[in-house]
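Participant: Please work out how this folds:
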Amino acid sequence: MGFIIDIIEAVYQFLWGDLVTLPLPGGGSIGLPLLVIFLLPTGLYFTLRTRFLPVRLFPEMTRVTLEKRGRTGHDALSGLQSLIVSTATRVGMGNLVGVVAAISAGGAGAIFWMWITALMGSATAFIEGTLAQLHKEKDPLYGGYRGGPAYYIHNYIAGKRGFQRRSLIATGFAVSGLICWCGISQVIGNSVSSAFKNAFHIPPIYTTVVLVIISAIIVLRKNATVKVLDILVPIMAGCYFLFTVLIIVKNIGQIPAVFSRIFSEAFGLRQAAAGGFGAVMMNGVKRGLFSNEAGSGSAPCAAASAETDHPVKIGLMQAFGVFIDTIVICSCTAMLMLLAPTGVTNGLEGMDLLQSAMRYHFGEFGVIFIAATLWLFSFSTFIGILFYARSNVAYLFGDNWASQTAYKVLALIMLFVGGLAAYTFVWDLGDVGIGLMTLFNLAIIFLLSKQALSALEDYEHSRKTGRSPKA
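Facilitator: So this is what the prediction gives:
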């Protein structure tokens, strides 16, 4: 067992540790993990290839997200429903704890780099979301459609080599995804039980049992997941946004100073040494990349399930999902923190810091609100990742209920275990899983990107000529 843990930790360090260290003027340095080295150039490349799609087509993103839709086929998801599922997993603990950690380590300037990273990540999300639509297939078990990176990777390899066996890279992605989501399940269980213990002094066993029972009732039913998320995600995101707006209005006079602080610290202007700039930028970049999941291949599993009249519409919705996650929700957490006096949060970190900021804004109700918000964000993430797992389980084990149910039960067990104890190596295993997913996915979307770019060209030409875009 110790040997396996050593391997997991070694791979974790290779993926997430500082692989390259660049010196900065004045004696500082900036560390670049392998995944940042891959994800940032990918986002920049697709931003340029799509001609700055996140900015140029932002009005179109909102239009296709809000447009009235006809009825979908039996059990098929609408584009908006697929966006809700992917938003459920993007908007999770990282929007709370992760943003707090980024600001604690890198200062307010980290928020600026989160925003920049989100703009580039939107272009990557567009490419992988559109590819998922182009390579989706019918789902004989759940109805509707399924797909994602395992499927477009398989189709690419099969097209090149002329065989239909499972490809090694597609299998690697599917296995990495299932490992990642089991690890996340444990993290979710631990975070929820800890938050409720801190806020309400409820023993973890009680919180965990209730969480597992509610989750089991939903995920073990055939198509309850999307119905629950359709209700839960808009309510939880809307409430969090509304409370942030109230705090902003209450402290409207401080807003110019907050934005001034974000922009000045973003470039290290208030840092004592040049190394401060590296800490600010990398904390913002890492949080932006890993919160919105663009490039990891998770969200395309939801994007493929949608029925639409043009695949680009789903790609645009997935790009809009990155905006919702990072520009809106992560910024909400930042405002909650930065609008509280520094004396309130000095010496604190993690959930303690965020709960103290909310206690300043709303009294004890603020602490309760953050605990409930974390529960909702985490719960929706768990439900969402098991939706993602469907297509990967099917790719590996075929179309049968036994394998689908077995994975759900395994995830529920991990949720239960995580609620009672934190096992660091399992958390590292989850991070290894998402890291490998990202590498497998990025390698192929570069090669397949011409398909998505051609679809975008067709869509834009259709809009310009007044012809209704068709797939």
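
Participant: ok, so what distance separates the spatially closest residue to Pro311 that is not a sequence neighbour from Ala306?
Facilitator: Closest residue in space to Pro311, ignoring its immediate chain neighbours: Gln133 at 3.4 Å, by C-beta to C-beta, 6 or more residues apart in numbering. Where C-beta positions appear, they are placed from N, C-alpha and C, glycine not excepted. Going from Gln133 to Ala306 by C-beta to C-beta, to the nearest Å gives 7 Å.

Participant: Equivalent analysis for Ser82, please.
Facilitator: Counting by C-beta to C-beta, the separation of Ser82 from Ala306 is 4 Å.

Participant: what sits in contact with each of the two?
Facilitator: In the contact map built from C-beta atoms under 8 Å, 6 or more residues apart in numbering, the residues linked to both Ser82 and Ala306 are Ile314.

Participant: Now the common contact residues for Gln133 and Ala306.
Facilitator: Counting by C-beta under 8 Å, 6+ apart, the residues touching both Gln133 and Ala306 are Ile314.

Participant: before we move on, the earlier item: quick one: which of Ser82 and Ala306 has more around it?
Facilitator: Neighbours of Ser82 and Ala306, each counted by other C-beta atoms under 10 Å, are more numerous for Ser82; the result is 32 against 29.

Participant: Which strands or helices does the longest helix along the chain pack on?
Facilitator: Looking across the chain with DSSP state H, the single longest helix is helix 424-465. The contact analysis (3 or more C-beta pairs under 8 Å, 6 or more residues apart in numbering; DSSP states H and E) places helix 424-465 against helix 2-16, helix 34-49, helix 109-134, helix 149-161, helix 168-200, helix 311-322.

Participant: can I get these in a markdown table with mean neighbour count?
Facilitator: Formatted as a markdown table, the helices and strands packed on helix 424-465 follow (neighbours: other C-beta atoms under 10 Å):
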| stretch | mean neighbour count |
| --- | --- |
| helix 2-16 | 14 |
| helix 34-49 | 19 |
| helix 109-134 | 28 |
| helix 149-161 | 21 |
| helix 168-200 | 23 |
| helix 311-322 | 29 |
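
Participant: Show me the one of those helices that comes nearest Thr89.
Facilitator: Proximity to Thr89, assessed across those by C-beta to C-beta, is greatest for helix 168-200 (8.7 Å).

Participant: follow-up on the earlier one: tell me which of the helices and strands packed on helix 424-465 sits nearest to Gln355.
Facilitator: helix 168-200 (7.1 Å).

Participant: Enumerate the positions of the helix or strand following the closest one that are buried.
Facilitator: For helix 168-200, the following helix or strand on the C-terminal side (DSSP states H and E) is helix 204-219. Residues 204, 207-208, 211-212, 215-216, 218-219 are the ones in helix 204-219 that count as buried (16 or more other C-beta atoms under 10 Å).

Participant: Check the offset of the next helix or strand after helix 204-219 from the chain's centre.
Facilitator: Using DSSP H and E, the next helix or strand after helix 204-219 towards the C-terminus is helix 224-250. With C-alpha atoms, centre = their mean, to the nearest Å as the basis, helix 224-250 stands 16 Å off its chain's centre.

Participant: cool, stretch 442-454 as well?
Facilitator: The answer for stretch 442-454 is 21 Å, by C-alpha atoms, centre = their mean.

Participant: Show me the shaky parts of the stretch 51-200 of the chain.
Facilitator: Scanning the stretch 51-200 of the chain with the threshold set as pLDDT under 70 gives 68-76, 93-94, 105-106, 160-164.
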